[in-house]
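[1] sequence-free structure coming up:
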Ligand SMILES: [Zn+2]
Ligand SMILES: [Zn+2]
């Protein structure tokens, strides 16, 4: 398994490419708003994209999905509970001072417990609502190590904001405690923004996760 993460767009969304380089297949997590950068990395890896998935439907995570989908023909997926946010893209664009992106053909294939495949890869979907109603985390295991793409649900030393449309401060804590913290301590957490961390580090030191 090959995983690479890089920052895309003015809000610094982390895009990840998860690839089976032998099979030359990949899944793109949160393409964000910089199609040229994503395309350049996909070309360098020489992989075909089997799925485009989104941790949630804020504009900084879905901005160039339409272009990527046109170029790859891959299905693009969100969780159904975020569908209203995709309809709100023009409002999100106005609030962030960015252009309204083209509309992708988004399906609702992200359902808790399903797995998406690319070559030998299996990317499991966890519904982790709170930052948005349809926020999801994606889990993949390779060589005995687990990796979770946590979107804007869990950051190093912090958690996602819950003051935007449909945000829920109780739900995000429930999601993290019930779905993410049970993962093994050495699970690498790739956050939606900023540096990566591990589940063990966050369980021990994240001030937002102390049980009251
Ligand atoms: Zn974000
Ligand atoms: Zn967000």
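    Sure thing, it's come through. Note that the structure is a prediction, hence the values are computed from the model and not measured. Ligands and ions are numbered 1, 2, ... in the order given.
[2] Under a three-state scheme, what state does the residue nearest in space to the middle of the chain occupy?
    Note on the chain: the residue nearest the mean C-alpha position is residue 55, at 3.1 Å, using CA atoms, centre = their mean. Following DSSP: H, G, I helix; E, B strand; the rest coil, we place residue 55 in the coil state.
[3] wait, it sits on residue 150?
    Yes. Residue 55 is within contact range of residue 150, at 7.3 Å (criterion: CB atoms under 8 Å). To be clear about C-beta, it is placed using only N, CA and C from the backbone, and glycine gets the same treatment.
[4] which residues are in contact with both of the two?
    Common contact partners of residue 55 and residue 150 (CB atoms under 8 Å, 6 or more residues apart in numbering): 137, 192.
[5] helices and strands around the top helix by length along the chain, which ones?
    Secondary structure of the chain read by DSSP state H shows that its longest helix is helix 35-45. Contacts defined by 3 or more CB pairs under 8 Å, 6 or more residues apart in numbering; DSSP states H and E place helix 35-45 against strand 2-8, strand 13-20, strand 25-29, helix 65-72.
[6] do that again at 10 Å, thanks
    Helices and strands touching helix 35-45, as assessed by 3 or more CB pairs under 10 Å, 6 or more residues apart in numbering; DSSP states H and E, comprise strand 2-8, strand 13-20, strand 25-29, strand 48-53, helix 65-72.
[7] For my notes, confirm residue 195 occurs in a strand.
    No. Counting by three-state DSSP, residue 195 falls outside a strand, being coil.
[8] can you pull the contacts of it?
    14, 155, 156, 157, 189 (CB atoms under 10 Å, 6 or more residues apart in numbering).
[9] Among those, which ones are in helices?
    Going by DSSP H, the helices hold none of the contacts of residue 195.
[10] Columns distance to ligand 1 and pLDDT on top of these, output as CSV?
    Shown next, in CSV, are the contacts of residue 195 (distance: CB to the ion, whole Å; pLDDT from 0 to 100):
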residue, distance to ligand 1, pLDDT
14, 8, 98
155, 10, 98
156, 14, 98
157, 16, 98
189, 15, 98
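[11] from the residues you listed, which single one is nearest residue 8?
    residue 14 (7.7 Å; CB to CB).
[12] Dig out what that closest one forms beta bridges with.
    residue 7 (DSSP bridges).
[13] And residue 148, by the same measure?
    Assessed by DSSP bridges, residue 148 has beta-bridge partners residue 139, residue 189.
[14] Surely it touches residue 192?
    No. Assessed by CB atoms under 10 Å, residue 148 is found out of contact with residue 192, at 11.6 Å.
[15] mind listing what residue 101 touches?
    With the criterion set at CB under 10 Å, 6+ apart, residue 101 makes contact with 33, 35, 59, 62-67, 89-90, 92-93.
[16] mind running it again at 8 Å?
    So residue 101 contacts 33, 59, 62, 63, 64, 65, 66, 89, 93 (CB under 8 Å, 6+ apart).
[17] I believe it is in a strand; please confirm or correct that.
    No. According to three-state DSSP, residue 101 belongs to no strand; its state is coil.
[18] what pLDDT does it get?
    At residue 101, the model reports a pLDDT of 94.
[19] With residue 210 instead?
    Reported pLDDT for residue 210: 86.
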